[in-house]
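**Student:** A structural model of the following input is requested.
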Amino acid sequence: MKTEDNMAQKSAGGGFAPAVQPTASTTIFTESPDIQFGETSVPSQGENMPAFFAKPKGAESALPVVLVVQEIFGVHEHIRDICRRLALEGYLAVAPELYFREGDPNEYTDIPTLFKELVSKVPDTQVLADLDHAANWAARNGGDIRRMGITGFCWGGRISWLYAAHNPQLRAAVAWYGRVMGDKTMKQQKHPIDIAVDLSAPVLGLYGGQDESIPLESVEQMRQAIHAANAKAEIIVYPEAGHAFNADYRPSYHAESAKDGWARMLAWFKQYGVAPSA
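**Tutor:** Residues are numbered from 1 along each chain as shown. You can find the predicted model right below:
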């Protein structure tokens with residue numbers, strides 16, 4: 001892995017969302033001759049959904065699959081790099097552009113406007129169906145969806161919880177600082193705390209103790225909900241980390257927590273049958 005000094009070498013079509021520029025000096029860019037990656041198109045609900053994929057070079061079949069769900073900023077360079085990191089671990093990673101019907105996150109320069117004018121307009125039901133089609137694309141392109149996991153960050157963390165109650169084929173989910181409760185709308189009719197009883201895949205939730213946008217009280221309520229539902233789920237809270245602690249391109253990055261969370265994610269996938277064969 002290389003840091004921001006080497007970002008000039010990043011993949012075509014890369015770059016970070018304008019709403020989070022400038023990027024931090026801790027920004028990581030992963031490169032290796034052992035992986036291949038690029039843009040693709042996923043047929044979904046009558047349209048072609050843009051997506052980014054990464055996988056081990058030369059591997060054409062039987063790859064475990066990880067669906068990677070974006071932050072509110074779309075599939076920008078950080079999410080692409082998450083895919084590359086997973087490819088180095090032996091996965092076929094696919095990150096679909098889940099806002100493509102509603103708009104382009106790159107057209108927004110501040111987070112509040114991005115959330116109000118774009119993110120809030122994306123229906124959960126549409127997102128879950130698009131992820132199903134991304135899984136089908138993976139199955140047609142060398143993936144073994146009998147060994148499928150999902151991971152997501154912030155907005156994508158919440159979606160990862162929901163997907164674990166949506167797709168019975170999913171083997172495991174890892175949700176990074178995803179909101180677990182909140183106001184309900186026509187577009188977002190349920191939150192993770194509402195579907196704890198419906199979880200069909202084990203979920204690992206990773207949260208920051210200093211996260212001002214996700215109160216620890218809500219995280220504790222989620223713990224109680226999964227305990228009451230007897231669900232296979234675990235929540236880890238990093239006391240010194242805030243929101244987006246894995247986002248190495250932002251000032252919120254907390255390297256120690258991010259490293260531990262990544263290791264726990266890989267172990268979770270291995271424990272529940274997603275990991276590559278030894």
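
**Student:** and the closest residue to residue 197 other than its chain neighbours, how far from residue 195?
**Tutor:** For residue 197, ignoring the flanking residues on the chain, the nearest one in space by CB to CB, 6 or more residues apart in numbering is residue 229 at 4.2 Å. Bear in mind the C-beta positions are built from the backbone N, C-alpha and C, glycine included. Distance, residue 229 to residue 195, using CB to CB, to the nearest Å: 9 Å.

**Student:** the more surrounded of these two?
**Tutor:** Comparing residue 229 with residue 195 by other CB atoms under 10 Å, the one with more neighbours is residue 195, at 18 against 14.

**Student:** report the contact partners of the more buried one.
**Tutor:** Residue 195 is in contact with 161, 162, 165, counting by CB atoms under 8 Å, 6 or more residues apart in numbering.

**Student:** which among these gets closest to residue 96?
**Tutor:** Closest approach to residue 96 among these (CB to CB): residue 162, at 15.0 Å.

**Student:** what ranges does the stretch 1-150 of the chain have for its helices?
**Tutor:** Using DSSP state H, counting those that start in this stretch, the helices found in the stretch 1-150 of the chain span residues 77-88, 111-117, 124-140.

**Student:** buried stuff in the longest one?
**Tutor:** Neighbour-count burial for helix 124-140, with 16 or more other CB atoms under 10 Å as criterion, is recorded at 124, 126-128, 130-135, 137-139.

**Student:** and that helix, average pLDDT?
**Tutor:** Averaged over helix 124-140, pLDDT sits at 98.

**Student:** that older thread, turn the buried residues of helix 124-140 into a markdown table, including distance to residue 63.
**Tutor:** Listed next are these as a markdown table, based on distance: CB to CB, whole Å:
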| residue | distance to residue 63 |
| --- | --- |
| 124 | 28 |
| 126 | 27 |
| 127 | 24 |
| 128 | 23 |
| 130 | 21 |
| 131 | 18 |
| 132 | 18 |
| 133 | 18 |
| 134 | 14 |
| 135 | 13 |
| 137 | 13 |
| 138 | 8 |
| 139 | 10 |
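
**Student:** and which of those is nearest residue 108?
**Tutor:** Closest approach to residue 108 among these (CB to CB): residue 127, at 18.7 Å.

**Student:** would you mind giving the helices of the stretch 1-150 of the chain as TSV with distance to residue 169 added?
**Tutor:** Output for the helices of the stretch 1-150 of the chain, formatted as TSV (distance: least, CB to CB, whole Å):
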stretch	distance to residue 169
helix 77-88	19
helix 111-117	31
helix 124-140	7
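
**Student:** residue 35 is nearest to which of those helices?
**Tutor:** helix 77-88 (4.1 Å).

**Student:** output that closest one as CSV, nothing but the C-alphas.
**Tutor:** Only the C-alpha atoms of helix 77-88 are listed here, as CSV (Å, rounded to 0.1, in the frame of the first residue of the first chain):
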residue,chain,number,x,y,z
GLU,A,77,-11.5,6.4,-4.5
HIS,A,78,-11.7,5.3,-0.9
ILE,A,79,-14.4,2.7,-1.7
ARG,A,80,-12.4,1.6,-4.7
ASP,A,81,-9.4,1.1,-2.5
ILE,A,82,-11.5,-1.0,0.0
CYS,A,83,-12.2,-3.3,-3.0
ARG,A,84,-8.6,-3.5,-3.9
ARG,A,85,-7.6,-4.4,-0.3
LEU,A,86,-10.2,-7.1,-0.3
ALA,A,87,-8.9,-8.5,-3.6
LEU,A,88,-5.5,-8.8,-2.0
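
**Student:** residue 184 is nearest to which of the helices of the stretch 1-150 of the chain?
**Tutor:** Of all the helices of the stretch 1-150 of the chain, it is helix 124-140 that lies closest to residue 184, at 10.4 Å by CB to CB.

**Student:** having no further points to raise, I will conclude here.
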